[in-house]
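Novice: I need the structure of the sequence given here:
(one chain, ligands or ions: 2)
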Amino acid sequence: MKVAIIGAGNMGGAIARGLAQGHYVRVQDITVTNPSMPKLEKLKVEFPAIQVSTDNHEAADADVVIVAVKPWKVEEVLKPLRLRQPQVLVSVAAGMTFEDLAHFVDPEMPMFRIIPNTAISLRASMTLIACRNASEQQTLTMLDLFNEMGLAMLIEEKQLAAATSLTSCGIAYVLKYVQAAMQAGVEAGIRPKDAMKMVAQTVEGAARLLLENEDTHPALEIEKVTTPGGITIKGVNSLEHDGFTSAVIKAIKASI
Ligand SMILES: NC(=O)C1=CN([C@@H]2O[C@H](COP(=O)(O)OP(=O)(O)OC[C@H]3O[C@@H](n4cnc5c(N)ncnc54)[C@H](O)[C@@H]3O)[C@@H](O)[C@H]2O)C=CC1
Ligand SMILES: O=C(O)[C@@H]1CCC=N1
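Specialist: Residues are numbered from 1 along each chain as shown. Ligands and ions are numbered 1, 2, ... in the order given. Now for the predicted structure:
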């Protein structure tokens with residue numbers, strides 16, 4: 001399977017690295033393009049067998065074409081490539097619908113919309129996948145590819161905007177919590193680097209408690225920490241008095 005990745009930025013570069021370390025595509029079958037060479041040269045140093053090019057046309061002669069440029073560049077990038085079935089189009093562009101994409105390529109071709117988050121650079125992404133005109137086999141392949149870079153979930157396109165807010169924007173909200181907790185720790189005399197490790201490991205632990213037990217729920221895990229009359233419930237209630245739940249809901253809705 002030959003894969004072209006158009007755009008070697010945060011997303012394109014991370015997907016290229018993830019694919020190159022995965023089991024499904026041979027490194028020499030991956031071509032990455034960008035208008036200038038520095039990001040491509042860096043990739044080439046890391047994966048000498050990877051193909052790089054500044055020519056999108058040359059690269060687009062592939063089975064799967066992943067477009068990873070900013071949304072406002074998608075039209076000018078895709079139109080001249082005249083992609084058509086049996087090629088598969090994969091778009092990472094947030095907010096660009098299948099209907100939008102169908103104006104720039106063969107509208108009947110198999111298409112996927114993929115929304116990773118920045119943890120894809122560590123192969124720890126929550127990646128959302130929606131499909132149109134794709135066979136079951138193509139969809140399973142896409143899930144396999146992105147499950148190697150974290151956790152991938154197939155959803156309907158109409159859920160993509162809300163799910164993007166939870167996951168792709170959501171990583172920023174989680175980091176805002178980490179930053180805020182660090183500020184409190186520093187005020188209490190903890191060194192910033194130590195505070196960062198303490199909070200980051202705590203967030204990872206919280207995530208694993210939920211991900212590694214299908215039968216749990218945040219409320220159950222919170223109950224295990226909150227000793228009656230203890231100190232945690234004081235903090236939890238303080239968060240509620242200050243509108244934490246409401247602030248998070250408003251933030252998620254603002255990004256949809
Ligand atoms: N950054 C994020 O957390 C997420 C980004 N996305 C989407 O991913 C897409 C890319 O975003 P980033 O990687 O963050 O942007 P970026 O700016 O880091 O990367 C875009 C890359 O495309 C290159 N490029 C520009 N014109 C080109 C052309 N004509 N041909 C080939 N390459 C070209 C740029 O030089 C740059 O290296 C966007 O559409 C964004 O909506 C989706 C989910 C998360
Ligand atoms: O903020 C944005 O628009 C992009 C899309 C999802 C995450 N980052």
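
Novice: Give me the nearest residue to the closest residue to ligand 1 within the stretch 151-256 of the chain, chain neighbours excluded.
Specialist: Nearest to ligand 1 in the stretch 151-256 of the chain, going by CB to the nearest ligand atom, is residue 168, at a distance of 4.3 Å. In short, each C-beta sits where N, CA and C put it, glycine included. Excluding the flanking residues, the one nearest residue 168 by CB to CB, 6 or more residues apart in numbering is residue 117, at 4.6 Å.

Novice: before we move on, the earlier item: quick one: the residue of the stretch 151-256 of the chain closest to ligand 1 from ligand 2, how far?
Specialist: For residue 168, the distance to ligand 2 equals 4 Å [CB to the nearest ligand atom, to the nearest Å].

Novice: Of all residues in the protein, which one is nearest the centre?
Specialist: Centroid-nearest residue in the chain: residue 116, 1.4 Å away (criterion: CA atoms, centre = their mean).

Novice: quick one: that residue and ligand 2, what's the gap?
Specialist: Distance from residue 116 to ligand 2, by CB to the nearest ligand atom: 9 Å.

Novice: hmm, back to that, burial check on the residue nearest to residue 168, number of neighbours?
Specialist: Burial of residue 117 is recorded as 23 neighbouring residues (other CB atoms under 10 Å).

Novice: List the contacts of it.
Specialist: With contact set as CB atoms under 8 Å, 6 or more residues apart in numbering, residue 117 has these partners: 125-127, 167-168, 170-171.

Novice: Go through the residues you listed and give me the one with the most neighbours.
Specialist: Ranked by the number of neighbours (other CB under 10 Å), those place residue 125 first, at 27 neighbours.

Novice: check contacts around that residue.
Specialist: Taking CB under 8 Å, 6+ apart as the criterion, residue 125 is in contact with 14, 116-119, 146, 149-151.

Novice: From the centre of the protein, give me the residue that's furthest out.
Specialist: Max distance from the centre of the chain (CA atoms, centre = their mean): residue 229, 40.5 Å.

Novice: ok and the residue in the stretch 1-150 of the chain nearest ligand 2?
Specialist: Residue nearest to ligand 2 within the stretch 1-150 of the chain (CB to the nearest ligand atom): residue 94, separated by 3.4 Å.

Novice: Now do the same contact list for that residue.
Specialist: By CB under 8 Å, 6+ apart, the contact list for residue 94 reads 71, 115, 164, 168.

Novice: Number of residues surrounding residue 120?
Specialist: With other CB under 10 Å as criterion, residue 120 counts 24.

Novice: gap between the two ends of stretch 105-117?
Specialist: End-to-end span of stretch 105-117 (CA to CA, to the nearest Å): 26 Å.

Novice: Just the residues contacting the helix or strand harbouring residue 65, thanks.
Specialist: Assigned by DSSP states H and E, residue 65 belongs to strand 64-67. Residues from elsewhere that reach strand 64-67, judged by CB under 8 Å, 6+ apart: 1-7, 12, 15, 59, 74, 77-78, 81, 83, 87-93, 114.
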